[in-house]
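A structural model of the following input is requested.
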Amino acid sequence: MKTRIIVIAMICSIAATVHAQNTIIAQFLHDQPIQDSVITIIVHNHPLMSKLIDKISEDPQLHEMVIQHLSRLLKEKPDGNGDHNHESHETMSHYAGDETREIKALSQSEVDGLRKGEGIGFAMAAELNHYPGPRHILDLAEQLQLTDVQKKAIQKAFDRMHVEAVKLGSQLVKQERLLDKAFASLTITQKTLSQMTEGIERLRARLRSVHLAAHLETRNVLTPQQIDSYDRHRGYSSGM
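Down below sits the predicted model:
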């Protein structure tokens, strides 16, 4: 719930500021200086927003969620009379702007996350059901009062997961790029399509399993009290 509130607050603030600055959405989504300018205005006018921005910048999945929702919210620009162009709203795709991506099926934040071995949402079934992630547990080691034995075990779990996740994530990015190029070059066939998509989904399944397994392993090292404390620190609803 707190994450949803943060997303809504961020979207509303960015939307209002973008409109106030007479900036079109395509410029905002693809022009870093404009993004920096808008964010600076938000932080200056809304002191609490700096905390929200910090949280979003730490979480690639949350950042992508904000951008996607913002993009949908601002697809049309009001005209000079404050009215909307309904025809534009009805026909413009939610994917408008994504055609400039290097890999159309992946955002840059997803590509970066995969290459770095980050979760980018693969472990949500565990994370949001009281199975903490090793990276965040280590970040909260002091608050959770981890013992040296626990730290060592969780670090090993993270290291194993990270090595495998970086390898599989990089392979996944590579295969998505090949699929994109096959479509872009008009060389894709039904046979190659099946082969490529099946290969991509196998990689994705293995990668998800690696992340989820690390959460499973981590939970087994913690006490119920530490798990409950972790959920509170991460802003999740209590009650296991």
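
Help me confirm that A123 comes into contact with H211.
Yes: at 4.1 Å, A123 counts as touching H211 under the criterion of Cβ atoms under 8 Å. Every C-beta, even on glycine, is put in place using the N, C-alpha and C of the backbone.

the more surrounded of these two?
More neighbours surround H211 than the other of A123 and H211, with 28 against 22 (other Cβ atoms under 10 Å).

before we move on, the earlier item: which neighbours do A123 and H211 share?
G133 (Cβ atoms under 8 Å, 6 or more residues apart in numbering).

Could you report the distance from A213 to R232?
Per Cβ to Cβ, to the nearest Å, A213 is found 25 Å from R232.

who has more neighbours, the two?
Using other Cβ under 10 Å, the more surrounded residue of A213 and R232 is A213, with 16 against 12.

which helix is the longest one in this protein?
Ranked by residue count and defined by DSSP state H, the top helix of the chain is helix 148-184.

What is the subsequent helix or strand relative to that one?
Sequence-wise, the next helix or strand downstream of helix 148-184 (DSSP states H and E) is helix 190-219.

what number of residues lie near the closest residue to M161 other than its chain neighbours?
In this structure, M161 finds its nearest non-sequential neighbour in A214, 3.7 Å apart by Cβ to Cβ, 6 or more residues apart in numbering. Look at A214: counted by other Cβ under 10 Å, it has 27 neighbours.

I figured A214 hits P134, correct?
Yes: taking Cβ under 8 Å as the definition, A214 is a contact partner of P134 at 5.3 Å.

Find residues that contact each of the two.
157-158, 161.

which one of the residues you listed is nearest L138?
F158 (6.5 Å; Cβ to Cβ).

do you know how far that closest one is from T192?
Applying Cβ to Cβ to F158 and T192 gives a distance of 37 Å.

how about low-confidence regions in this structure?
Residue ranges of the chain with pLDDT under 70: 1-90, 238-240.

switch to 90 and redo it
In the predicted model, the chain carries pLDDT under 90 at residues 1-98, 100, 237-240.

what's the domain layout of it?
If you go by automatic domain parsing, the domain ranges for the chain are 2-98, 108-234.

Just say helix, strand or coil for I120.
coil (DSSP: H, G, I helix; E, B strand; the rest coil).

what helix or strand does the closest residue to it other than its chain neighbours sit in?
Spatial nearest neighbour of I120, chain neighbours left out: G113 (4.0 Å); criterion: Cβ to Cβ, 6+ apart. Assigned by DSSP H and E, G113 belongs to helix 108-116.

What helices and strands are in contact with the next helix or strand after that helix?
Using DSSP H and E, the helix or strand that follows helix 108-116 towards the C-terminus is helix 124-127. Counting contacts by 3 or more Cβ pairs under 8 Å, 6 or more residues apart in numbering; DSSP states H and E, helix 124-127 is packed against helix 190-219.

angle of the helix it packs on against helix 148-184?
Interaxial angle of helix 190-219 relative to helix 148-184 (axes from the mean of the first three to the mean of the last three Cα atoms, to 10 degrees): 170 degrees.

I'd say I120 and L114 touch.
Yes: if you go by Cβ under 8 Å, I120 and L114 touch, sitting 6.7 Å apart.

quick one: which of these two has more around it?
Ranked by neighbour count (other Cβ under 10 Å), I120 and L114 place L114 first, with 27 against 24.

circling back to that earlier point, name the residue in F158 and T192 with the higher neighbour count.
Just comparing F158 and T192: by other Cβ under 10 Å the higher neighbour count belongs to F158, 21 against 13.

From A141, how far out is that one?
Taken as Cβ to Cβ, the span from F158 to A141 is 12 Å.
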